[in-house]
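Q: Here is a sequence with its predicted model. Questions after.
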Amino acid sequence: MSARLCSTAAGLAYPSLTGKLLPRRSVTSTASTRIDWQASRRIKSVQGAPLSSPLRGQQRRIAGSTVVQEQVALAAAALPDWPGLQLWRDSEVDSRRVWGEKGAVPVDQAFAAEEQTLGGATLACCAQQVLLTADPKQKAALTHQAWQRFTAGLMPVGQAEPPARPARPSKPQLVPPKNVPIPKQSSLPLPVYMLHNLAHVELNAIDLAWDTVARFSGLQMDRSFYSDFARVADDESRHLSWCLQRLDELGYAYGDMVAHSILWDGAQASSGDLAGRLAVVPMSQEAKGLDAGPRLAEKLVGCGDNRSAAIVSRIAAEEKAHVAVGVSWFRKLSAALGEDPGAAYQRCITSLGQQEGLRPPYNHASRQEVGLQQHWYDKSLWPANDVAADQNLIPSSASRVKGLQISPETPALGKDSVKHLRQRMATVLDVELCNTA
């Protein structure tokens, strides 16, 4: 299956939400650029470096899209982000990695001196090093070091190839989700059971954020994109540190029960697709934290473990920024591709087979607060199957074999297409800057 990116004439002006005409940056005009969906790991970026996992087209046909459609997409991208997102981006490095008597406190310098030394010269290389580190505490420590160095301006983004899977400690044993015992079947106390599961989620979240940095480093997105996900990784490393500390205080450790790899497996489906990665990880997996966090904290209070409840509540509150990051960049990308973000999100989720991750109950208020609209993720509001199939939101019946969806071909963007898409992203950023000036 092929797709096309529209290559419109240079100098086309897009109307902003304020009614002003915004001149578009010059784009070399060609009729339309056909994307070769094969050779996804062999194409080169505009600087000649390997582009390990490019954006996927996902059955998109943008050539021939009307100016109205592009205006709708740009308008969606220009909608204001969650107000807390800019505060989060502007905040200083958070070194409160220990949970004290009254909340998070800075890490002791004597403890910090025992940390493994970071060896990467670029942010992407640091991401690779973290992914290859198995010990959870060292993974968290290296993450914090990398974020400190990057925010100090001591290294560029760079490019690096991530491993196929991140390194993991010998324990916990990873088993299919159905083999993970439910709380009543576990030998662990309920607070320990819940904290262990949360620690496992946070460990995966660190790796997923760093994988996003390294895997899409070849696209040479704006530096702020990589900064956002490196900051997410640092947040998750702090969350993991709190969970590991609390487990130790209760007399247990990470690895005392089995776990699953469903979070990483789900993200692997989007390893060649930036839009899919944003839809699956921050906008779906991280969004589940907004749904489950408050309920988990209430259960811990019910168990009499107020200290653990306070940790969980703090983690849930900080997850809002992570979802907001995904929404913000997804809207930008949708605008660059001339698509409505809601329809694009649904198509990403269905084409990657990630619908099971959208199960209720939902915390609609928290989701919509950070920009995740209900009609995007609530499947009860999606188009009927026959309409959805016509719009390529779900595979048609002809594309199914014995109940299994046929995976779409893994596409790759050619050099000219990557350059063109980057220019369109720059146009979107120009729109946002004009509207917020």
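A: Now that the structure is in, tell me what you want to look at.

Q: Now for Lys184, how many residues are close by?
A: Lys184 has 7 neighbouring residues, counting by other CB atoms under 10 Å. All C-beta atoms are positioned from the backbone trio N, CA, C, and that covers glycine.

Q: no, scratch that, I was asking about Pro361
A: 8.

Q: For the stretch 251-400 of the chain, just list every one of the helices.
A: Using DSSP state H, counting those that start in this stretch, the helices of the stretch 251-400 of the chain run over residues 262-268, 274-280, 286-302, 306-336, 341-351, 364-369, 374-377, 385-390.

Q: Now the helix or strand where Asp248 lies: buried residues?
A: Using DSSP states H and E, Asp248 sits in helix 223-249. Judged by neighbour count (16 or more other CB atoms under 10 Å), helix 223-249 contains these buried residues: 225-244, 246-247.

Q: Give me the angle between it and helix 306-336.
A: 160 degrees (axes from the mean of the first three to the mean of the last three CA atoms, to 10 degrees).

Q: and Ala160, that one's in a strand?
A: No: assigned with DSSP: H, G, I helix; E, B strand; the rest coil, Ala160 falls outside any strand and is coil.

Q: How much space separates it from Phe216?
A: 11 Å (CB to CB, to the nearest Å).

Q: Can you work out which residues contact both of those two?
A: Counting by CB atoms under 8 Å, 6 or more residues apart in numbering, Ala160 and Phe216 have no common neighbour.

Q: Can you show me the helices along the stretch 51-200 of the chain?
A: Going by DSSP H, counting those that start in this stretch, the stretch 51-200 of the chain shows helices at 67-77, 83-90, 109-112, 123-131, 136-151, 190-215.

Q: now the helices of the stretch 251-400 of the chain in JSON lines, with distance to Met155?
A: Formatted as JSON lines, the helices of the stretch 251-400 of the chain follow (distance: least, CB to CB, whole Å):
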{"stretch": "helix 262-268", "distance to Met155": "25"}
{"stretch": "helix 274-280", "distance to Met155": "22"}
{"stretch": "helix 286-302", "distance to Met155": "26"}
{"stretch": "helix 306-336", "distance to Met155": "21"}
{"stretch": "helix 341-351", "distance to Met155": "31"}
{"stretch": "helix 364-369", "distance to Met155": "34"}
{"stretch": "helix 374-377", "distance to Met155": "36"}
{"stretch": "helix 385-390", "distance to Met155": "45"}
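
Q: Could you pull up the mean pLDDT of the helix holding Asp248?
A: Helix 223-249 comes out with an average pLDDT of 97.

Q: go on, stretch 373-390?
A: For stretch 373-390, the mean per-residue pLDDT is 74.

Q: Same question for stretch 191-201.
A: What stretch 191-201 shows for mean pLDDT is 96.

Q: same question, stretch 156-164
A: 95.

Q: do stretch 131-148 as well
A: Stretch 131-148 comes out at a mean pLDDT of 96.
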